[in-house]
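> kindly return the folded structure for what I paste below:
(7 chains)
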Amino acid sequence: MKIQPLGDRVVIKPLAEESKTKSGIIIPDTAKEKSQKGKVVAVGKGKYDDGKLNPLTVKLGDTVLYKEYGGDEFKLDGEEVIILKEEDILAILE
Amino acid sequence: MKIQPLGDRVVIKPLAEESKTKSGIIIPDTAKEKSQKGKVVAVGKGKYDDGKLNPLTVKLGDTVLYKEYGGDEFKLDGEEVIILKEEDILAILE
Amino acid sequence: MKIQPLGDRVVIKPLAEESKTKSGIIIPDTAKEKSQKGKVVAVGKGKYDDGKLNPLTVKLGDTVLYKEYGGDEFKLDGEEVIILKEEDILAILE
Amino acid sequence: MKIQPLGDRVVIKPLAEESKTKSGIIIPDTAKEKSQKGKVVAVGKGKYDDGKLNPLTVKLGDTVLYKEYGGDEFKLDGEEVIILKEEDILAILE
Amino acid sequence: MKIQPLGDRVVIKPLAEESKTKSGIIIPDTAKEKSQKGKVVAVGKGKYDDGKLNPLTVKLGDTVLYKEYGGDEFKLDGEEVIILKEEDILAILE
Amino acid sequence: MKIQPLGDRVVIKPLAEESKTKSGIIIPDTAKEKSQKGKVVAVGKGKYDDGKLNPLTVKLGDTVLYKEYGGDEFKLDGEEVIILKEEDILAILE
Amino acid sequence: MKIQPLGDRVVIKPLAEESKTKSGIIIPDTAKEKSQKGKVVAVGKGKYDDGKLNPLTVKLGDTVLYKEYGGDEFKLDGEEVIILKEEDILAILE
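From the prediction side, this is the model:
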């Protein structure tokens, strides 16, 4: 089953939070409540602004930091995913 | 009787929620309150933005995931349907 | 006496709600508080957006489904009518 | 003394409300609190939108239906008038 | 000392309110709290909208009707003046 | 040390308020809480609107009247300054 | 590990606040709660406005004054950083 988010929406699979990742990123307790890491599993085609389509910046497979609130959770093929708007994605981790 | 939603509105027939669908999608309890699955039974012609018509993305027959609140419920030919704006549709399930 | 609504406003004559119409539409109790059926008796000339006139979609004689709140009620030639903006009209019933 | 309202503002002289007018219009009690009839005695030159002037639709002498709240009352040559924006005028009665 | 208001701001010297002016205008008690008469003593150069400068409509010396709230009062050369935006000026009295 | 405010922000050094200045300006008690006089010590390069840069109106050295709230206070080289947006500056005193 | 903030977002490494810096800047107690100094460690590519990309003003390595609230904190390679939008940056200190 494929999922196609609408407009500027993105589907994200949350990554397990570790106290310390291999690359050295530690997400502190307070931040755990506000932002999370995840993998992009589906992206919308973009949003029309003034008659022009603005494509999204994030791509399939990107690891992103996102705001937890603002998204809707559901299960896709047994795994929990989150649908949110790209404006709720803070940064891409490369 | 035919129904023609105005602008960027869409008419949706809710699909019965199963704990586990054939395709493997499970909608958890908390999500059940926020998003739902349905079939598109009528679509508006789009919304004018800056003098140009932006047609809708969803098409007749699409299975969609939508936010429950924000729509108006009524009965069409004996079946319950929901009228909502396309921006309240999260994704198309293919 | 003629009434000419301004801009994107529409004058609607409410239709009596029946528990079951001939065409099979039943408006449930909860929906009765949120949307209603009516006949369009006068339409505005449209609204200017960015210097261009966007004409209205509904036409004289259309049977429409509209949101009850948001309109102003008054009597025209002894019959109760409602003036509302087209954005508060949900759909045209054909 | 002449009064020149600014932008999209209009000066209106309220008409006495009768329970039943000659033309058959009756304004019910509940509506009396929300809309009123009046005569246009001065109109602004319009509002600039995106560098273009949008002239007003109502003209001197028009009988209009308007929302009571939103306007400022004062006396002109001994008679009570109301200054409001054209968007608070619902319809022209012809 | 000269004062140059910024953008769409205007400096106004309030006129003493009389119960009845020579020209016949009477400002009732309730209106006294919401609108006032004054003389324009300085005008801003206008506001940029979409890269174009929209000059103000009121001119030096105009007698205007304005909303009392929304402005900032201070004293210029010993006389009380008010700085407000042109949108808070209701009409020019000629 | 130099400070370069961003966009439409301006850095202002507050001027001591006197009950009566040489030029005759008196700032009354009530106004003292809402507006203040200061000297412009740094200006931003302007704000982009619709892809065009709108430069600021105030210049280095201007004496301005500004709204007290809305700005952020800090100390620059031992002297208290305020950073605010140009829209919170009411007028230039010449 | 590299971090690429999205749109008009900026990643900032807070600088330790001293009561008096070498250059003479003293940040008073009240301001300490509202604005802070930091070093820019990553910048977004800008935000689309009306189909055109507006690049950011701040550059890698800039020392900036920013509003504390409005940003999301997390740890990058063991050091605390903040992600915020450029509009929450008040000024560049040179």
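
> any idea how far stretch A:40-60 is from the middle of the chain?
Centroid separation between stretch A:40-60 and its chain, computed with C-alpha atoms, centre = their mean, to the nearest Å, is 13 Å.

> that stretch and chain G in contact?
Yes - using C-beta under 8 Å from any C-beta of the partner chain as the criterion, contacts between stretch A:40-60 and chain G involve A:49-50, A:52, A:54, A:57-58. Where you see a C-beta, it was placed from the backbone N, CA and C, and this is true even at glycine.

> tell me the helix or strand right after the helix or strand of chain A with the lowest mean pLDDT.
Averaged element by element with mean pLDDT, DSSP states H and E, chain A has its least confident helix or strand at helix A:29-32 (a mean of 44). Using DSSP states H and E, the next helix or strand after helix A:29-32 towards the C-terminus is strand A:35-43.

> can you map out the strands along chain A?
For chain A, the strands identified by DSSP state E occupy A:3-5, A:9-14, A:35-43, A:47-49, A:52-54, A:63-67, A:72-76, A:79-85, A:89-93, in order along the chain.

> dump these to JSON lines, plus distance to residue D:74, mean pLDDT and mean neighbour count.
Converted to JSON lines, those look like this (distance: least, C-beta to C-beta, whole Å; pLDDT from 0 to 100; neighbours: other C-beta atoms under 10 Å in any protein chain shown):
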{"stretch": "strand A:3-5", "distance to residue D:74": "55", "mean pLDDT": "95", "mean neighbour count": "20"}
{"stretch": "strand A:9-14", "distance to residue D:74": "51", "mean pLDDT": "95", "mean neighbour count": "22"}
{"stretch": "strand A:35-43", "distance to residue D:74": "55", "mean pLDDT": "90", "mean neighbour count": "19"}
{"stretch": "strand A:47-49", "distance to residue D:74": "43", "mean pLDDT": "77", "mean neighbour count": "17"}
{"stretch": "strand A:52-54", "distance to residue D:74": "47", "mean pLDDT": "79", "mean neighbour count": "14"}
{"stretch": "strand A:63-67", "distance to residue D:74": "50", "mean pLDDT": "92", "mean neighbour count": "21"}
{"stretch": "strand A:72-76", "distance to residue D:74": "52", "mean pLDDT": "82", "mean neighbour count": "19"}
{"stretch": "strand A:79-85", "distance to residue D:74": "48", "mean pLDDT": "91", "mean neighbour count": "19"}
{"stretch": "strand A:89-93", "distance to residue D:74": "53", "mean pLDDT": "95", "mean neighbour count": "22"}
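
> can you redo these as a markdown table with distance to residue G:7?
A markdown table is the format used below for the strands of chain A (distance: least, C-beta to C-beta, whole Å):
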| stretch | distance to residue G:7 |
| --- | --- |
| strand A:3-5 | 18 |
| strand A:9-14 | 13 |
| strand A:35-43 | 15 |
| strand A:47-49 | 13 |
| strand A:52-54 | 11 |
| strand A:63-67 | 13 |
| strand A:72-76 | 22 |
| strand A:79-85 | 12 |
| strand A:89-93 | 9 |
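
> quick one: closest of those to chain D.
Nearest to chain D, of all the strands of chain A, is strand A:47-49, at 15.9 Å by C-beta to the nearest C-beta.

> near chain E, anything from the closest one?
No - in terms of C-beta under 8 Å from any C-beta, no part of strand A:47-49 sits within range of chain E; the closest distance is 15.3 Å.

> helices and strands around that strand, which ones?
The elements that strand A:47-49 packs onto, with contact taken as 3 or more C-beta pairs under 8 Å, 6 or more residues apart in numbering or on different chains; DSSP states H and E, are strand A:52-54.

> try 10 Å
Strand A:47-49 is packed against strand A:52-54, strand B:47-49, strand G:47-49, with contacts defined by 3 or more C-beta pairs under 10 Å, 6 or more residues apart in numbering or on different chains; DSSP states H and E.

> what sits against the residue most central in space within chain A?
For chain A, the residue whose C-alpha lies nearest the mean C-alpha position (C-alpha atoms, centre = their mean) is residue A:12; its distance is 4.2 Å. For residue A:12, the contact set (C-beta atoms under 10 Å, 6 or more residues apart in numbering or on different chains) comprises A:5, A:36-43, A:58, A:62-64, A:66, A:71, A:81-84, A:88-89.

> for the strands of chain A, which one sits closest to residue C:93?
With C-beta to C-beta, the closest approach to residue C:93 among the strands of chain A belongs to strand A:47-49: 29.0 Å.

> partner strands of that closest one, with direction?
Each strand paired with strand A:47-49, and its direction, by DSSP bridges: strand A:52-54 (antiparallel).

> who are the neighbours in contact with the nearest residue to residue A:40 once chain neighbours are set aside?
Counting by C-beta to C-beta, 6 or more residues apart in numbering or on different chains, the nearest residue to residue A:40 once its immediate chain neighbours are dropped is residue A:62, at 4.5 Å. Shown here is residue A:62, whose contacts under the criterion C-beta under 10 Å, 6+ apart are A:10, A:12, A:38-41, A:43, A:89, A:92-94, G:4.

> mind checking pLDDT for residue A:62?
At residue A:62 the predicted local confidence, pLDDT, stands at 97.

> likewise for residue A:58?
In this model, residue A:58 is scored at 96, pLDDT.

> mind listing what residue A:47 touches?
Contacts for residue A:47 were tallied using C-beta under 10 Å, 6+ apart; they are A:6-9, A:53-56, A:85-87, B:87, G:48.

> go again with 6 Å.
With contacts defined as C-beta atoms under 6 Å, 6 or more residues apart in numbering or on different chains, the neighbours of residue A:47 are A:7-8, A:54.

> now it, nearest residue through space, not along the chain?
Using C-beta to C-beta, 6+ apart, the closest residue to residue A:47 is residue A:8 (4.2 Å).

> check contacts around that neighbour.
In this structure, residue A:8 makes contact with A:44, A:47, A:85-86, judged by C-beta under 6 Å, 6+ apart.

> likewise residue A:61?
Residue A:61 sits next to no residue when contact means C-beta under 6 Å, 6+ apart.

> ok, now how distant is the closest residue to residue A:53 other than its chain neighbours from residue B:88?
By the measure of C-beta to C-beta, 6+ apart, the closest residue to residue A:53 outside its immediate chain neighbours is residue A:46, 4.9 Å from it. The gap separating residue A:46 from residue B:88 is 18 Å, by C-beta to C-beta, to the nearest Å.

> who has more neighbours out of these two?
residue B:88 (20 against 15; other C-beta atoms under 10 Å in any protein chain shown).

> okay, and the beta partners of residue A:48?
For residue A:48, the beta-bridge partners under DSSP bridges are residue A:53.

> measure residue A:59 to residue C:47 for me?
Residue A:59 sits 39 Å away from residue C:47 when distances are taken as C-beta to C-beta.

> try residue A:84
Residue A:84 sits at a distance of 33 Å from residue C:47 (criterion: C-beta to C-beta).

> next, the contact list for residue A:63, please.
Residue A:63 is in contact with A:39, A:93, counting by C-beta under 6 Å, 6+ apart.

> ditto for residue A:70
For residue A:70, the set of contacting residues under the criterion of C-beta under 6 Å, 6+ apart consists of A:84, A:88.

> sorry, back to before: distance to residue B:16 for the contacts of residue A:62 - can I get that in JSON lines?
As requested, the contacts of residue A:62 are arranged in JSON lines below (distance: C-beta to C-beta, whole Å):
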{"residue": "A:10", "distance to residue B:16": "28"}
{"residue": "A:12", "distance to residue B:16": "27"}
{"residue": "A:38", "distance to residue B:16": "30"}
{"residue": "A:39", "distance to residue B:16": "31"}
{"residue": "A:40", "distance to residue B:16": "31"}
{"residue": "A:41", "distance to residue B:16": "26"}
{"residue": "A:43", "distance to residue B:16": "29"}
{"residue": "A:89", "distance to residue B:16": "33"}
{"residue": "A:92", "distance to residue B:16": "39"}
{"residue": "A:93", "distance to residue B:16": "40"}
{"residue": "A:94", "distance to residue B:16": "43"}
{"residue": "G:4", "distance to residue B:16": "43"}
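
> all set now, cheers.
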